[in-house]
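Enquirer: Quick one: sequence plus predicted model below, questions after.
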Amino acid sequence: MAAEAPSSATRIDVARALREGALAGLIAFGLFLPLIGFNTVQNIHNELVLETRWPLLAAMVAIMAIGRFLYALLVAPWRARLALRPRPEQVAVAPWRAALGRWVVPCALGFAVVYPPLALSLAGVQGAVKWIDNFGVQILIYVMLGWGLNIVVGLAGLLDLGYVAFYAVGAYSYALLAQAFGLSFWILLPLAGCLAAFWGMLLGFPVLRLRGDYLAIVTLAFGEIIRLVLINWVPVTNGYAGISGIPRPSFFGIPFNASDEGFAARFGLEFSPIYRTIFLYYLILALALITAALTVRMRRLPIGRAWEALREDEIACRSLGINTTNTKLTAFAIGAMFAGFAGSFFAARQGFISPESFTFMESAVIVAIVVLGGMGSLVGVAVAAVIMIGGTEIMRELDFLKIVFGRDFDPTQYRMLLFGFAMVLIMVWKPRGLIATRDPSTFLKERKSIAGSHVKEGHG
Amino acid sequence: MNGAGHDMAPILRVEHLDMRFGGLVAVNDLSFTAGRGDITALIGPNGAGKTTVFNCITGFYKPTEGRIALQYGDPGVWDELAALTDRGERSVARGDGVLFLLERMPDYLVTQQARVARTFQNIRLFQGMTVLENLLVAQHNPLMRASGFTLLGALGLPSYGQAERAAIDKAVYWLEKIALTARADDPAGELPYGDQRRLEIARAMCTDPVLLCLDEPAAGLNPHESAELRRYLHMIRSEHATSILLIEHDMSVVMEISDHIIVLDHGQKIADGTPDAIRNDPKVIAAYLGVEEEEVADVESEIP
């Protein structure tokens, strides 16, 4: 029996595949009938009516049944054959991977720098605004937020679920100070960072003694407190209505407008909003790269090593004379500072902010980016941000899905599905994130990356 | 052996130390001294309160009562002990001598200022960091000053580079002492158990301590590794101005290397003296073998 088992598992068996496909379809039908098949909507008379969505239900069930059928028919035997085959030598793969590792960062940087002209030449002026703003700027904001949170979560190992609070502090600092005192973006950018860092310290003090779940809950509550203050302190923040007419950043004093003093007129160009978008793109790229450069440098300084040591073992840190209070507070403050920079950039880019932009969902997305990327890895976090944010943006472009699922189908509503899908995939394939290895901060003879299984995730 | 040295100007003086956890008395009115340059051993059956004493000395616990005084530099500063206790301050300096009251200090300052380093019963290395990084984290405070508390270091000033090279040199010195130079760039968690024990002691030594507290350094070592550890501890004492206080169950280690042994049982000191005196102390034998006081004489007569 035992000798026979592999051969039956590797053979392509249509009958079994049909059986498995039908079973999967049946289960899917049972599950999706109440979830997707029926829908309650309010009609004009304010009555709740039951609608049915048979085509959508049929499509979902068909996807499940056919997917399972194909898996059982083709993939399962292929995997079984693969498992039987002796493993090929790993040596052949190593140089290829090493070369990839060496070239991936310069290539990504080069692509980020040439991205706006590339988008302009491929999509034209009208189309490029969408690609540069919705994709480029949006992704880079999250890359920067991910790198900032990476200091707190990835390096110091303190799980902060209220990170968006500092993003909000930065955004509101810029919006309020710019409107009240007419200060320029370039003065308020560092000021917003400082204010966010200050609030990071304020949050840090009460949570110093907390660990794990408790730390996560208190930081989450702090994020909500900031949001509720923004909603309810109407005289200052204008509540739900938010703040509009926030001054936009200028090109070192030259505004981006249609006037004679504007950027386009000064440089003899035809006026177009694309210049501001391109400028904002390079601004957030520079801010993100500053975040990365400072993180790389701080990891090689004693403070960065102390953060990582804190993640590994707090008691051992104290036994070596490290002031863990200060070490945690600096991690909170520096992480918050980068969120403050990103927040003031966000306010300047939008021209309008409201508490709606700073919900817990944002914090969750940033934490998800850090965890999916692999805690502590800058490259991993950047890749995760591109997948998560770029993925949700790409959903808006998938109009062809309407042909498949009907006119009412709105792909953007399924972006949480994408999130969940990405999470499950990563947790199954790479439970410690896309890049699980740790790069040592210094070395004596040879730099060897450290397998993720040795690296602790911190106690928070 | 433990003559004038530790009575006149000890490095550590523990007086009337009490540690209670609710109703449980872990340490009861314990007083002892550790001589300068000596290896002092703290022994006793399981649950005798040895690790609690360590945690009090290194600031991890605040003792319920008692005074723990540590001194280095000019021993004349011991005269200030009573005045310092009354003033309610943490330390006093006279000439190049400094006196600390450890029970008043938080744990990290006990290492940073009073220069007491410790290891743990269950090894606490930074497993995901390399061996070299472990030794650099131990030099955090001098490196932090050299990096201008991160500000100057972040700007890339050369003074930090020099300080870091000096720190690496010191780490390499200790790596050579524990024969782990070849594994400097491997994660600490990959080392075999015996190497991890030695690395933890080297890491503690990188903080430049005057008193090194070792919690069961020979636990889990085979006889060969245990002999190596003894040589290592002798080297630390003879080549560095470091006194050693250790908890140990391995009697071959304790009896061979200690200058002075203190025996605890149920939180109380039952004996204090040279290894020879301890070996023949009837109370110690009773505590270890678990016989009644009246039977001690019988037990003693059976021991050659």
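Expert: Good, I have the coordinates.

Enquirer: residues contacting B:V110?
Expert: Listed by C-beta atoms under 8 Å, 6 or more residues apart in numbering or on different chains, the contact set of B:V110 reads A:321, B:57-59, B:100, B:102, B:116. C-beta coordinates here come from the backbone N, C-alpha and C atoms, glycine included.

Enquirer: per-domain residue ranges of chain B.
Expert: With domains defined by automatic domain parsing, chain B comprises B:4-115+B:209-302, B:124-207.

Enquirer: that older thread, save the contacts of B:V110 as JSON lines, and put in secondary structure and pLDDT too.
Expert: Shown next, in JSON lines, are those (DSSP: H, G, I helix; E, B strand; the rest coil; pLDDT from 0 to 100):
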{"residue": "A:G321", "secondary structure": "coil", "pLDDT": "91"}
{"residue": "B:I57", "secondary structure": "helix", "pLDDT": "92"}
{"residue": "B:T58", "secondary structure": "coil", "pLDDT": "91"}
{"residue": "B:G59", "secondary structure": "coil", "pLDDT": "90"}
{"residue": "B:F100", "secondary structure": "strand", "pLDDT": "89"}
{"residue": "B:L102", "secondary structure": "helix", "pLDDT": "87"}
{"residue": "B:V116", "secondary structure": "strand", "pLDDT": "92"}
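
Enquirer: what's the spacing between B:I201 and A:K430?
Expert: Going from B:I201 to A:K430 by C-beta to C-beta, to the nearest Å gives 37 Å.

Enquirer: The two: which is more packed in?
Expert: Taking neighbours as other C-beta atoms under 10 Å in any protein chain shown, B:I201 and A:K430 compare with B:I201 leading, 22 against 15.

Enquirer: So the more buried one sits against B:E216, correct?
Expert: No: if you go by C-beta atoms under 8 Å, B:I201 and B:E216 don't touch, sitting 11.7 Å apart.

Enquirer: Please, where are all the strands along the stretch 51-200 of chain B?
Expert: B:65-72, B:91-94, B:97-101, B:116-118 (DSSP state E, counting those that start in this stretch).

Enquirer: Out of these, which is the most enclosed?
Expert: Burial of the strands of the stretch 51-200 of chain B is given as mean neighbour count (mean count of other C-beta atoms under 10 Å in any protein chain shown); strand B:116-118 ranks first at a mean of 28.

Enquirer: What about contact with chain A: does it have any residue there?
Expert: Yes: using C-beta under 8 Å from any C-beta of the partner chain, strand B:116-118 reaches chain A at B:117-118.

Enquirer: can you list the residues that contact that strand?
Expert: Residues outside strand B:116-118 that contact it (C-beta under 8 Å, 6+ apart): A:319-320, B:54, B:57-58, B:70, B:102, B:110-111, B:204-205, B:207, B:209-215.

Enquirer: Output the below-cut-off pLDDT ranges for chain B.
Expert: Across chain B, the ranges flagged by pLDDT under 70 are B:1-8, B:149-157, B:290-304.

Enquirer: Around chain B, pick out the residues from the stretch 151-300 of chain A.
Expert: Going by C-beta under 8 Å from any C-beta, the residues of the stretch 151-300 of chain A near chain B are A:294, A:297-298.

Enquirer: Might you report the residue contacts of the residue of the stretch 201-350 of chain A found nearest chain B?
Expert: Relative to chain B, the nearest point of the stretch 201-350 of chain A is A:G321 (3.4 Å; C-beta to the nearest C-beta). Applying C-beta under 8 Å, 6+ apart to A:G321 gives the contacts B:108-112, B:140-141, B:207.

Enquirer: Which single one of those is nearest to A:M64?
Expert: B:H140 (55.6 Å; C-beta to C-beta).

Enquirer: And the helices in the stretch 351-460 of chain A, which stretches?
Expert: For the stretch 351-460 of chain A, the helices defined by DSSP state H, counting those that start in this stretch occupy A:360-373, A:378-397, A:401-405, A:415-429.

Enquirer: Looking at the ones you listed, which is nearest to chain B?
Expert: helix A:378-397 (15.6 Å).

Enquirer: now the closest one against helix A:415-429, angle please.
Expert: Inter-element angle recorded for helix A:378-397 and helix A:415-429: 140 degrees (by axes from the mean of the first three to the mean of the last three C-alpha atoms, to 10 degrees).

Enquirer: For helix A:378-397, buried residues please.
Expert: A:378-390, A:392-393, A:395 (16 or more other C-beta atoms under 10 Å in any protein chain shown).

Enquirer: try stretch A:397-416
Expert: By 16+ other C-beta under 10 Å, the buried positions in stretch A:397-416 come out as A:405, A:409, A:411, A:414-415.

Enquirer: May I ask which helix or strand encompasses the closest residue to B:S258 other than its chain neighbours?
Expert: Among residues not flanking B:S258 along the chain, B:A41 sits closest, at 4.0 Å (C-beta to C-beta, 6 or more residues apart in numbering or on different chains). Per DSSP states H and E: B:A41 is located in strand B:39-43.

Enquirer: Convert that strand to CSV, retaining C-alpha atoms only.
Expert: What follows is strand B:39-43 as a C-alpha-only set of coordinates in CSV (Å, rounded to 0.1, in the frame of the first residue of the first chain):
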residue,chain,number,x,y,z
ILE,B,39,36.6,34.7,44.0
THR,B,40,33.7,34.5,46.4
ALA,B,41,31.2,31.7,46.0
LEU,B,42,27.6,31.7,47.2
ILE,B,43,26.4,28.1,47.5
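
Enquirer: For it, which helices and strands make contact with it?
Expert: helix B:50-57, strand B:243-247, helix B:251-257, strand B:260-265 (3 or more C-beta pairs under 8 Å, 6 or more residues apart in numbering or on different chains; DSSP states H and E).

Enquirer: The shortest one vs chain A: in contact?
Expert: No: counting by C-beta under 8 Å from any C-beta, no contacts exist between strand B:243-247 and chain A, the nearest distance being 14.1 Å.
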